[in-house]
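1. need coordinates for the below:
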Amino acid sequence: MLAQAKNFARNTFLAGVFAAIPLVVTVFVLWYVDHLTREPLKELFGIDVPFAGVGLALVGIFALGLVVRSLIGRYLLAAIDRLLLKVPVLAEVYKAWKQISLTPGGSSGIYSKVVLVRLDGDAWHLAFTSGEPIGAGSDAVCVFVPTTPNPMVGRVLFVPQSRCRPTALAVEEVFKFLLSGGNYVPDEVAAATQSDRAISDLPPQPAA
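-> Numbering: from 1, shown residues only. Next up, the predicted model:
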């Protein structure tokens, strides 16, 4: 009885913590943006409305998204990418960042695909991978197996493609699963464990 009460209290507390994290982060971001933009807006335009800067930031982000998705925006991003790759010292940092950047739906970087990896026995592990072989003639791919509840910490492994099962999971879904400590399990995980497809047949990731 006492053990059950402890487990109930622990699970309830953890559920509260995981529910509070996104709320606290959202409130902090809203407060920070408002604090950062309120004085400049007041001095430049005479606007002293609470959270006016937040609305302006949202409009700016939306406008940036429109530019990035346009043909001209893509051309500019490609030009900036080529320029940064030619700058001494900065180029190495930029290339390293591209390799680890979170790019849902992208085709490059370790976070571009979500797979299930069988390492020992019958256990499956959720992992991120680019899906690209580590070298010519090699059947192994590099995978990052994150831990819970901190998905930014984990192990980097080289495993054969035959041990990787593709999923249709978006990166955001995997982060939700890891942060929940396994309390939230996407339906696609069960489907992927029954799949016999190779990693090369991995379906495209859903857009964010």
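
2. so K113 bridges to which residues?
-> Note on K113: beta-bridge partners by DSSP bridges are T129.

3. and it, how many neighbours?
-> Other residues near K113 come to 26 when the count uses other C-beta atoms under 10 Å. For every residue, glycine as well, the C-beta is placed using N, CA and C.

4. show me the shaky parts of the chain.
-> For the chain, the stretches with pLDDT under 70 are 1, 18, 96-109, 121-122, 182, 190-208.

5. now the helices for it?
-> Taking DSSP state H to define them, one finds helices in the chain at 2-45, 52-69, 71-84, 90-100, 171-179, 187-193.

6. out of those helices, the one nearest S112 is which?
-> For S112, the closest of the helices of the chain is helix 171-179, at 8.4 Å, according to C-beta to C-beta.

7. export that closest one to CSV, keeping only CA atoms.
-> As requested, C-alpha coordinates have been extracted for helix 171-179 and formatted as CSV (Å, rounded to 0.1, in the frame of the first residue of the first chain):
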residue,chain,number,x,y,z
VAL,A,171,11.1,15.0,-34.5
GLU,A,172,8.8,17.0,-32.3
GLU,A,173,6.7,13.8,-31.5
VAL,A,174,9.9,12.0,-30.3
PHE,A,175,10.8,14.9,-28.1
LYS,A,176,7.3,14.8,-26.5
PHE,A,177,7.7,11.1,-25.9
LEU,A,178,11.1,11.5,-24.3
LEU,A,179,10.1,14.4,-22.1
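
8. specify the angle between that helix and helix 2-45 in degrees.
-> 140 degrees (axes from the mean of the first three to the mean of the last three C-alpha atoms, to 10 degrees).
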